[in-house]
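In: Below are the sequence and a predicted model for it; my questions follow.
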Amino acid sequence: MPRRTLALAVIGALLCSLLAAGCGSAPEEPGTAQEPAGNLPIRVEGAWAQHTALREGQRLASGTNSVIYFRLENTGAEPDALVGVQTDVAMSCKLHETVVEGEVARMLPIDRIDLPAGETVELKRGGLHVMLLGVTRHLVPGDRFQAVLILEKAGEIPIEVEVRAG
Ligand SMILES: [Cu+2]
């Protein structure tokens, strides 16, 4: 690749990662996050994230990703859907599902996770999950961080996520 083309490609990649930074504005309200205001029909349980620290003192590689899992219960009479997630521990968050084709598991981006009325949907390993792309700090087992779930009808639900080793 000629040098000029290479430089443009690098600039393009930087711009893309800047534009993808949709995740950085989650409100930081320690101690107040777990109780949703009002009587929201959506309950969030067991939120945890995969740790990033593989070895003590290891530096966080750029482009490190992680995952958040939780259960969502829709106790209401109306269907709802998870349409987005925000947190400041990652450059961006995407909803993914894991699809197994033969021996190969692949992750596919999805627009929404439907929550039928009266049902519980579990995000778990090998299935639906929230992908944290470009983690901005080490996630150490025992840490907690804030995230905001964005529901189509219920709106924003702040949650606290516990970091676990897996
Ligand atoms: Cu994924």
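Out: All right, it came through fine.
In: my read: Tyr88 touches Thr136, true?
Out: Small correction: residue 88 is Asp, not Tyr. Yes - using CB atoms under 8 Å, Asp88 makes contact with Thr136 at a distance of 7.1 Å. In short, each C-beta sits where N, CA and C put it, glycine included.
In: need the helices for the chain, in chain order.
Out: 3-19 (DSSP state H).
In: Name whatever forms a beta bridge with the residue nearest in space to the middle of the chain.
Out: What sits nearest the mean C-alpha location of the chain, by CA atoms, centre = their mean, is Val130, with 3.6 Å. Beta-bridge partners of Val130, counted by DSSP bridges, are Ile68, Leu95.
In: from here on, count from 10
Out: Let's use 10 as the start, then, which means that last one is Val139.
In: Return the residues in contact with it.
Out: Contact analysis of Val139 by CB atoms under 8 Å, 6 or more residues apart in numbering lists Val76, Ile77, Tyr78, Val94, Cys102, Lys103, Leu104, His105, Leu132.
In: and the closest residue to Leu69 other than its chain neighbours, what pLDDT?
Out: Counting by CB to CB, 6 or more residues apart in numbering, Leu69 lies nearest to His147, which is 5.3 Å off, once chain neighbours are set aside. Looking at His147, its pLDDT reads 91.
In: Could you verify my assumption that His147 touches Gln59?
Out: No - His147 lies out of contact with Gln59 (CB under 8 Å); the separation is 12.0 Å.
In: Show me which residues of the chain sit near the ion.
Out: His105, Met116, Met140 (CB under 5 Å from the ion).
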